[in-house]
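Colleague: have a look; sequence and predicted model below, questions after that.
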Amino acid sequence: MKGSGLALNLTEKSRRSIAFYLMISPWFVVFVLFSLYPLFYGLYLSFTNYIGLNLQTARWVGLQNYKNVFTDSDALYALGRTVMLTAVYVPISTLVGLLLAVLLNQNVRGVGIYRTIFYLPSIVPLVSAALMWKMMYANQTGILNVALKPLGMPSVNWLSYDYATMSLIITLIWASGSGILINLAGLKGISKELYEAASIDGAPALSRFVRITLPMMSPILFFNVIMGIIHTLQLYILPILLSGNDLLMAPIRPNYVYVVHAFQQVFAFQRFAYGMALLWVLFTVILLMTLVVFRSSRYWVHYEMEQEE
């Protein structure tokens, strides 16, 4: 009887295992076909001379495409602009998102309306948002320049070489409502007893923010920094829409970011193998920058479990 019960138990476990694998199989098949396979097939193509739509003419060239990346002045320029954009945008967006979340965490009348207003831009379709901001940035008819005229200030070409990167950063920050929402959720998770105890001890508001809010929010900020780096390094649709079609024809522009260069090589020149090499170099850059942030997190990210220990 004992052996029979064991057999029934094993049969039940087998049924559960089969049910589990059947349930995840649709997702797994889609993941392999549309994510994993294209990823490694693109890696294979990056070692060939595949140009155009005739795959049969592709020949193995080894690391030649990767060597070309580091001798391509446009690619290096675009990579430098992208890293610079990331280094400027990520800290600003992280700080702005945290400060706005702190303000939106106050118990004041109508705070729900303000939360909706600040989150709403993040759900606006990207194309619609880009076209809206492009109209606002227009040299003569844009609302920003119209607002400057009564102040006696000259019109500003917001999409020119000198201002295009700043305009792009403003647009990105405007659409960063999801980061504010994540920060707000993190603030809601901080116990009010900590602030009450600090107030009883006579700690001012700034001290409570530095010694309680920042350490408790550091895991959330860490997550936002990582996601901000990945998102900004992969940015390409917004610069194209803001700068217009000429972006694909004029490499030396402030918003000619790295993925736009890869986009140009693949879709404008049909240099598919070289485009794949460009993107795998970007993957390496993202991986390295992410590892650096992970490595540095031991010095500024504090987890509640560590504090309890």
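Modeller: Structure received.
Colleague: quick one: low-confidence parts of the stretch 201-309 of the chain?
Modeller: 244-252, 304-309 (pLDDT under 70).
Colleague: try it again with 50
Modeller: In the predicted model of the stretch 201-309 of the chain, residues 251 satisfy pLDDT under 50.
Colleague: now the helices for it?
Modeller: For the stretch 201-309 of the chain, the helices defined by DSSP state H, counting those that start in this stretch cover 205-208, 214-233, 237-243, 258-263, 272-300, 304-308.
Colleague: quick one: which of those helices is nearest Ser176?
Modeller: helix 214-233 (8.4 Å; CB to CB). The way it works is simple: take the backbone N, C-alpha and C, and place the C-beta from them, glycine included.
Colleague: what helices and strands are in contact with the closest one?
Modeller: Counting contacts by 3 or more CB pairs under 8 Å, 6 or more residues apart in numbering; DSSP states H and E, helix 214-233 is packed against helix 73-104, helix 177-188, helix 272-300.
Colleague: now the residue nearest to the spatial centre of the chain: how far from Ser178?
Modeller: Nearest residue to the geometric centre of the chain (CA atoms, centre = their mean): His231, 1.7 Å. Distance, His231 to Ser178, by CB to CB, to the nearest Å: 10 Å.
Colleague: that older thread, I'd like the helices and strands packed on helix 214-233 as CSV, with mean neighbour count and distance to Gln265 appended.
Modeller: Formatted as CSV, the helices and strands packed on helix 214-233 follow (neighbours: other CB atoms under 10 Å; distance: least, CB to CB, whole Å):
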stretch, mean neighbour count, distance to Gln265
helix 73-104, 18, 9
helix 177-188, 19, 31
helix 272-300, 17, 4
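Colleague: in a markdown table, list those along with distance to Ser35.
Modeller: Below are these laid out as a markdown table (distance: least, CB to CB, whole Å):
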| stretch | distance to Ser35 |
| --- | --- |
| helix 73-104 | 23 |
| helix 177-188 | 22 |
| helix 272-300 | 14 |
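Colleague: wait, which of these is closest to Tyr258?
Modeller: Nearest of the helices and strands packed on helix 214-233 to Tyr258, taken as CB to CB: helix 73-104 at 4.3 Å.
Colleague: now stretch 71-86, how far from the chain's geometric center?
Modeller: 17 Å (CA atoms, centre = their mean, to the nearest Å).
Colleague: show me the shaky parts of the stretch 1-150 of the chain.
Modeller: Residues of the stretch 1-150 of the chain that meet the criterion pLDDT under 50 lie in 1-2.
Colleague: quick one: the strands in it?
Modeller: With DSSP state E, counting those that start in this stretch, there are no strands along the stretch 1-150 of the chain.
Colleague: next, count neighbours for Pro254.
Modeller: If you count neighbours by other CB atoms under 10 Å, Pro254 ends up with 20.
Colleague: which residues does it contact?
Modeller: By CB atoms under 8 Å, 6 or more residues apart in numbering, the contact set of Pro254 is 81, 161, 164-165.
Colleague: would you mind measuring from it to Gly97?
Modeller: Pro254 sits 24 Å away from Gly97, going by CB to CB.
Colleague: please apply the same query to Val32.
Modeller: For Val32 relative to Gly97 (CB to CB), the value is 36 Å.
Colleague: ok, now Thr290?
Modeller: Counting by CB to CB, the gap from Thr290 to Gly97 is 19 Å.
Colleague: and if you look at Leu104?
Modeller: 10 Å.
Colleague: what's the answer for Leu131, then?
Modeller: The gap separating Leu131 from Gly97 is 25 Å, by CB to CB.
Colleague: and if you look at Val292?
Modeller: 21 Å.
Colleague: for Thr11, same thing?
Modeller: 53 Å.
Colleague: which residues do Leu104 and Gly97 both contact?
Modeller: Ile180.
Colleague: settle this for me: Arg208 is touching Glu196, isn't it.
Modeller: No: counting by CB atoms under 8 Å, Arg208 stays clear of Glu196, with 10.0 Å between them.
Colleague: and those two? Which one has more around it.
Modeller: Arg208 (17 against 10).
Colleague: need the nearest residue in space to that one, chain neighbours excluded.
Modeller: Excluding its sequence neighbours, the residue lying closest to Arg208 (CB to CB, 6 or more residues apart in numbering) is Ala198, at 4.9 Å.
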